[in-house]
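Novice: Pasted the sequence and its predicted model underneath.
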Amino acid sequence: MTIRTKPDGAKVYIREYNDSSPAKWKKIGSTAIQSIELPNSAFYLMKIEKEGYEEVIDCAGTELDMFSEPCSGKDLVPPADGLC
């Protein structure tokens with residue numbers, strides 16, 4: 001799996017999708033991550049953080065199936081001004 005962000009340097013954490021414990025996040029590195037191997041047939045939650053940007057949490061699977069499709073890449077989302 002390759003993980004890229006614009007800009008680079010975001011911290012990336014994963015945990016198994018079915019594990020709801022917030023303490024189970026495991027840091028796998030900072031972007032750009034060129035290659036990481038994860039067990040097949042599993043789904044993960046991926047959390048991406050970078051100071052000055054909104055945190056992103058998304059689902060990632062290790063196999064393509066009829067319910068998944070390759071991602072074209074996501075940019076980090078800058079914080080919204082004037083909200084809250």
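Specialist: Structure received.
Novice: who are the neighbours in contact with Ser20?
Specialist: Going by C-beta atoms under 8 Å, 6 or more residues apart in numbering, Ser20 touches no other residue. (Glycine included, C-beta is placed from N, CA and C.)
Novice: any idea whether it is helix, strand or coil?
Specialist: Under the three-state scheme (DSSP: H, G, I helix; E, B strand; the rest coil), the conformation of Ser20 reads as coil.
Novice: list the helices and strands the lowest-mean-pLDDT helix or strand in the chain packs on?
Specialist: For the chain, the helix or strand with the lowest mean confidence is strand 56-61, at a mean of 84 (criterion: mean pLDDT, DSSP states H and E). If you count contacts as 3 or more C-beta pairs under 8 Å, 6 or more residues apart in numbering; DSSP states H and E, strand 56-61 packs onto strand 43-49.
Novice: buried stuff in the strand it packs on?
Specialist: Tyr44, Leu45, Met46, Lys47, Ile48, Glu49 (16 or more other C-beta atoms under 10 Å).
Novice: just stretch 22-38 next, same as before
Specialist: Burial within stretch 22-38, assessed by neighbour count using 16+ other C-beta under 10 Å, is assigned to Ile28, Ser30, Thr31, Ile33.
Novice: Contact partners for Thr31?
Specialist: Neighbours of Thr31 in contact, by C-beta under 8 Å, 6+ apart: Ile3, Arg4, Thr5, Asp8, Gly9, Ala10, Val12, Ile48.
Novice: repeat that with 6 Å
Specialist: Listed by C-beta atoms under 6 Å, 6 or more residues apart in numbering, the contact partners of Thr31 are Ile3, Arg4, Thr5, Asp8, Ala10.
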